[in-house]
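Colleague: how would this look folded up:
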Amino acid sequence: MEKQVLPTSSCSLVLLEETKKTPLLLSNGTGYPAAAATGIPLAAMPGGGMVGGACNGQDKRMGVANGAGPGYQERETWTRQMDFIMSCVGFAVGLGNVWRFPYLCYKNGGGVFLIPYLLIVFVGGIPIFFLEIALGQFMKAGSINVWNIAPLFKGLGYASMVIVFFCNTYYIMVLAWGFYYLIKSFSSTLPWSTCENEWNTPNCIEIFHHQDCKNASLANVTVGSSNMTCSDLSDARSPIIEFWENKVLNISSGLDEPGRMNWELMLCLVAVWVLVYFCVWKGVKSTGKIVYFTATFPYVVLIILLVRGVTLPGAYDGIMFYIKPDWSKLEEAQVWIDAGTQIFFSYAIGLGALTALGSYNRFNNDCYKDAFVLALINSGTSFFAGFVVFSILGFMAAEQGVDISQVAESGPGLAFIAYPKAVSLMPVAPLWAALFFFMLLLLGLDSQFVGVEGFVTGILDLFPGKHYHRYKREIAVAICCLLCFIIDLSMVTQGGMYVFQLFDYYSASGMTLLWQSFWECIVVAWVYGADRFMDDVARMIGYRPFPWMKWCWSFITPCVCLGIFLFHLVNYKPLTYNNVYTYPWWGEVIGWCLALSSMLCIPVSILYKLFRAKGTFRERWAHLTSPVWGNHHLEYMDPHIRSLNSLTPGSEDNKVIIFESVM
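Modeller: Numbers count the residues shown, from 1 in each chain. Okay, here's the model as predicted:
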């Protein structure tokens, strides 16, 4: 494919002169080449394409601040473009699509919920989703170095690295629990279906039909085979809840009582981390192959479960509860907030992993089309999963004689309580349980290892080819996995669930993602320039995206992000477990430290860089917002510049340290 030439109006060059006395800012004070500022093509300038006499001929060297220069390794790319698509599907389509969206849809008016959901998809989800992929593809860098596009705001990269590190740390616990349930599913009788186990209490009751106690005159009738009466049912506990709380979690009374480790769960955690390591250690060449299975097989299982679910009694009522419209819900602000928050979660926005995945694309890949395809797959999966979940929950409600609202749950409650309880009532229960938890494991696994890939990519980009080591990637992945595993040990104790919820509620909350997304739009649209970035995208994909994207980045999306962020802040409620246990004050302090550790990266980094830079505020701003380009940008600016890549680097004494305050 013939490579396109970037117009100089969309790029600014950073030249490394032989003398350290070379001013960092060009004469026009903007960081743009003089020719670029006036729209004159670089190729038309005297001296072989350089500007304003800065590089007259080829006797001057042009370096690259991100280390992509002579003697450095070429950045690897996807073997096939479908590898990128499948990796994005695997990362973005995760557990939230199956266990959170269906519940939100039911809770917020059924089919009516799709109106605010789809509206925010087009004004918030897709624009930022496309922005992150396009940024990675254009800058050929991970979540940190991608902000060389406006180095003053490199704190955005550090913030996303902190968020994705926390996500990698606690998210894998869901996989460990799922793996534990999967192993326990391979038995003739599911261990959570009976009350005859060592972890069960005298209050355990297996099957109870609420119709038996509807008549007040039957208040003293015994229920099932147990000796409990209807008047005792206030203390009754199902075997699935006791299996979850007494066996899997062995939960203590609070955060201040960590207790002992669950060794079975710890072994499951080790197994999952080892699996993640070997999925990531060789980079996108191997990850792109593994994800074909981990991203597609869950759809096979979803279809199988749907076919089984719709044939069960009560399935129709369950599905109607899911999609039945309640138009009055559109008047409630919480419905719109839930829609926006779910989109930012399910699209995996603000984590930097999409940027890392996009950085491995070919420069001319049509990322604009990819963004819409991936958005359709993501939202379509969420809606489809609702039919699967509610057909099964409808069956469970019918079997127990209760309203669907009493069995509908979201999050871990759906995955490890409601759904296992439903499959325990089905014929050949172990088969359906094994299928469900295998699907759960795959849905989370590719999200996990792509998240680790995004984190490792950002770290390795900080240490480019000149720090090359044969096993650099393998070592980096091992260190990342080991650090996360050490923190995870606190979550396999008796108080581990309280630690897990602390991470989930604060470290990767809606507020942190919305804060990150707001700043991404501001930096690209108002600091770098929305029109300028649209030009850059056009040079990559061969045509200019619809102007709607520019308007969203500049106005609509930041307003949506800021509005939902402020709503979350105003309506903040202290964290509780099961609406019963309230976290101590020091637990909340830890939680806010987790949240602020990423959010403060942005303003602190900005102030630090401005303080270290020299000159007036205007000069500092111009200096710190001038992009730092890589060799691949020079190649697409002008074919004549390619010959510079073959030049031998100068000695260390002749090299200038540019943008000392950038890093």
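
Colleague: low-scoring pLDDT stretches of the stretch 401-550 of the chain, where are they?
Modeller: Residues of the stretch 401-550 of the chain meeting the criterion pLDDT under 70: 465-469.

Colleague: Go again with 50.
Modeller: Counting by pLDDT under 50, the stretch 401-550 of the chain contains no low-confidence range.

Colleague: same question, the chain
Modeller: 1-72, 216-219, 221, 223-226, 641-663.

Colleague: how about the strands in it?
Modeller: Listed in chain order, the strands of the chain (DSSP state E) span 576-577, 581-582.

Colleague: For the closest residue to residue 200 other than its chain neighbours, give me its contacts.
Modeller: Leaving aside its sequence neighbours, residue 200 sits nearest to residue 242 (CB to CB, 6 or more residues apart in numbering; 5.3 Å). C-beta: built from backbone N, CA, C; applies to glycine. For residue 242, the contacting residues are 195, 199, 200, 201, 204, by CB atoms under 8 Å, 6 or more residues apart in numbering.

Colleague: Name the nearest residue to residue 348, sequence neighbours excluded.
Modeller: Ranked by CB to CB, 6+ apart and with sequence neighbours excluded, the top spatial neighbour of residue 348 is residue 92, at 4.6 Å.

Colleague: Please apply the same query to residue 197.
Modeller: residue 191 (6.1 Å).

Colleague: ok, back up a step: export the strands of the chain to JSON lines and tack on distance to residue 535 and mean neighbour count?
Modeller: Below are these laid out as JSON lines (distance: least, CB to CB, whole Å; neighbours: other CB atoms under 10 Å):
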{"stretch": "strand 576-577", "distance to residue 535": "50", "mean neighbour count": "14"}
{"stretch": "strand 581-582", "distance to residue 535": "53", "mean neighbour count": "14"}
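
Colleague: wait, which of the ones you listed is closest to residue 557?
Modeller: Judged by CB to CB, the one of the strands of the chain that comes nearest to residue 557 is strand 576-577, at 32.1 Å.

Colleague: Adding distance to residue 629, write the strands of the chain out as JSON lines.
Modeller: As requested, the strands of the chain are exported to JSON lines (distance: least, CB to CB, whole Å):
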{"stretch": "strand 576-577", "distance to residue 629": "50"}
{"stretch": "strand 581-582", "distance to residue 629": "52"}
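
Colleague: so which of those strands comes closest to residue 118?
Modeller: The nearest among the strands of the chain, by CB to CB, is strand 576-577 at 32.0 Å.

Colleague: Outside of that closest one itself, list whatever touches it.
Modeller: Strand 576-577 is contacted by residues 497, 498, 501, 582, 583 when judged by CB under 8 Å, 6+ apart.

Colleague: Quick check: neighbours of that strand in the sheet, parallel or antiparallel?
Modeller: strand 581-582 (antiparallel) (DSSP bridges).

Colleague: surely residue 358 meets residue 133?
Modeller: Yes: if you go by CB atoms under 8 Å, residue 358 and residue 133 touch, sitting 3.9 Å apart.

Colleague: which of the two has more neighbours?
Modeller: residue 358 (28 against 24; other CB atoms under 10 Å).

Colleague: How about the contacts made by that one?
Modeller: 84, 132, 133, 134, 135, 136, 137, 367.

Colleague: hmm, back to that, and the gap between the residue nearest to residue 197 and residue 472?
Modeller: Distance of residue 191 to residue 472, computed by CB to CB, to the nearest Å: 44 Å.

Colleague: So which of these two has more stuff around it?
Modeller: residue 191 (19 against 14).

Colleague: Report the contact partners of that one.
Modeller: 184, 197, 243, 247.

Colleague: Widest-spaced pair of those?
Modeller: It's 184 and 197 that sit farthest apart of those, by CB to CB, at 10.9 Å.

Colleague: Neighbour count for these two, which is higher?
Modeller: For residue 184 versus residue 197, neighbours defined as other CB under 10 Å are more numerous around residue 184 (20 against 15).

Colleague: what's the closest non-adjacent residue to that one?
Modeller: residue 191 (5.3 Å).

Colleague: still on that earlier bit, anything in contact with each of residue 358 and residue 133?
Modeller: With CB under 8 Å, 6+ apart, residue 358 and residue 133 have common neighbours residue 367.

Colleague: so how far is stretch 562-569 off the chain centroid?
Modeller: Relative to its chain's centre, stretch 562-569 lies at 20 Å (CA atoms, centre = their mean, to the nearest Å).

Colleague: could we number from 10 for the rest of this?
Modeller: Sure, I'll start numbering at 10, so the last one becomes stretch 571-578.

Colleague: Any buried residues in that stretch, and which?
Modeller: If you call a residue buried by 16 or more other CB atoms under 10 Å, then stretch 571-578 has these buried ones: 571, 572, 573, 574, 576, 577.

Colleague: Measure how buried the closest residue to residue 99 other than its chain neighbours is and give me the count.
Modeller: Spatial nearest neighbour of residue 99, excluding adjacent residues (CB to CB, 6+ apart): residue 455 at 3.1 Å. With neighbours defined by other CB under 10 Å, the count for residue 455 comes to 27.

Colleague: what's near enough to touch residue 455?
Modeller: The contact partners of residue 455, taken as CB under 8 Å, 6+ apart, are 96, 99, 100, 103, 299, 300, 303, 304.

Colleague: just curious, which of those residues is nearest to residue 613?
Modeller: For the contacts of residue 455, the nearest to residue 613 is residue 100 (28.3 Å; CB to CB).

Colleague: any idea how far the residue nearest to residue 246 when sequence neighbours are not counted is from residue 247?
Modeller: Ranked by CB to CB, 6+ apart and with sequence neighbours excluded, the top spatial neighbour of residue 246 is residue 212, at 5.0 Å. Look at residue 212 and residue 247: by CB to CB, they are 10 Å apart.

Colleague: between these two, which one's more packed in?
Modeller: Taking neighbours as other CB under 10 Å, residue 212 and residue 247 compare with residue 247 leading, 21 against 16.

Colleague: Was I right to think that one contacts residue 213?
Modeller: Yes: here residue 247 reaches residue 213: they are 7.4 Å apart, a contact under CB under 8 Å.

Colleague: Residue 304 contacts residue 103, correct?
Modeller: No: judged on CB under 8 Å, residue 304 makes no contact with residue 103 at a distance of 10.3 Å.

Colleague: Can you select the buried ones from the contacts of strand 585-586 in PyMOL?
Modeller: Buried members of the contacts of strand 585-586, defined by 16+ other CB under 10 Å, are picked up in PyMOL with:
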select buried, resi 506+507+510+592
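
Colleague: closest to residue 333 among the contacts of strand 585-586?
Modeller: residue 510 (31.5 Å).
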